[in-house]
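Asker: Predicted model and sequence below, questions to follow.
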Amino acid sequence: MLTVNKLIPQGRGLAAALLKRAAQIEIDWDTRQKSRFDATDSAGRALGVFLPRGSVVRGGDVLVAEDGSLIRALAAPQPVLVIRPCPEHGSPFDLTRAAYHLGNRHVAIELKPDHLKIEPDHVLAAMLERMHLIVSPANEAFEPEGGAYQAEGAQHDHAGHDHGHHDHDHDHDHGDHDHPHDH
């Protein structure tokens, strides 16, 4: 197994010819947000990826193996929900409102000018439909926002819900609702 322990965000600084010749791996969001995972690249090599804790691999990032070879990471198509405003009587503000409500629930969201994407969740889909949004299942790459506390190239563990910016052993004022912070 070939060990990979370095990530070059979006292949910055690498020549286009090197990127074109690089092997590829196509991985979904759940795997890309882990700092340790196994994969097989397009050359058939078994890879053991061991990145610094909290690392996230974005589509277009380049991994560097212990032998110096480059591997381009691609965001694999996966099940998502695509959320759009109703064309007859919706507005772009509807997406803003939806993003607010999803963010308040700490949901990973991919933001686009004309739509949002989230991982499938029937409860959230029903909430969004009650807000008169069009919610459609799709199989597409998913690149959610990194979050306000995530520096460029830094990482965010959505599964463990580790924000890394402060200790959650204190109370937050959430107005009229409780919001547990036992991450």
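Answerer: Done, it's in. Keep in mind the model is a prediction, meaning the values are calculated, not measured. Numbers count the residues shown, from 1 in each chain.
Asker: can you give me the strands in this protein?
Answerer: Applying DSSP state E to the chain gives strands spanning 2-8, 23-27, 36-40, 46-50, 62-65, 70-75, 78-85, 110-111, 116-118, 133-140.
Asker: got those strands as TSV, with distance to residue 146 columns?
Answerer: In short, each C-beta sits where N, CA and C put it, glycine included. As requested, these are arranged in TSV below (distance: least, CB to CB, whole Å):
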stretch	distance to residue 146
strand 2-8	14
strand 23-27	17
strand 36-40	19
strand 46-50	19
strand 62-65	18
strand 70-75	14
strand 78-85	17
strand 110-111	11
strand 116-118	15
strand 133-140	19
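Asker: Mind checking those for the one nearest to residue 17?
Answerer: Across these, residue 17 has its closest neighbour in strand 70-75 (11.1 Å, CB to CB).
Asker: just checking, what packs against that closest one?
Answerer: In terms of contacts (3 or more CB pairs under 8 Å, 6 or more residues apart in numbering; DSSP states H and E), strand 70-75 is packed against helix 16-21, strand 23-27, helix 29-32, strand 62-65.
Asker: related to what we said a few turns ago, may I see the strands of the chain arranged in a markdown table, with distance to residue 127 and mean pLDDT as well?
Answerer: Formatted as a markdown table, the strands of the chain follow (distance: least, CB to CB, whole Å; pLDDT from 0 to 100):
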| stretch | distance to residue 127 | mean pLDDT |
| --- | --- | --- |
| strand 2-8 | 35 | 97 |
| strand 23-27 | 29 | 97 |
| strand 36-40 | 32 | 97 |
| strand 46-50 | 35 | 97 |
| strand 62-65 | 37 | 98 |
| strand 70-75 | 26 | 98 |
| strand 78-85 | 11 | 97 |
| strand 110-111 | 18 | 96 |
| strand 116-118 | 11 | 98 |
| strand 133-140 | 9 | 98 |
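Asker: Since that was my last question, I'll sign off now.
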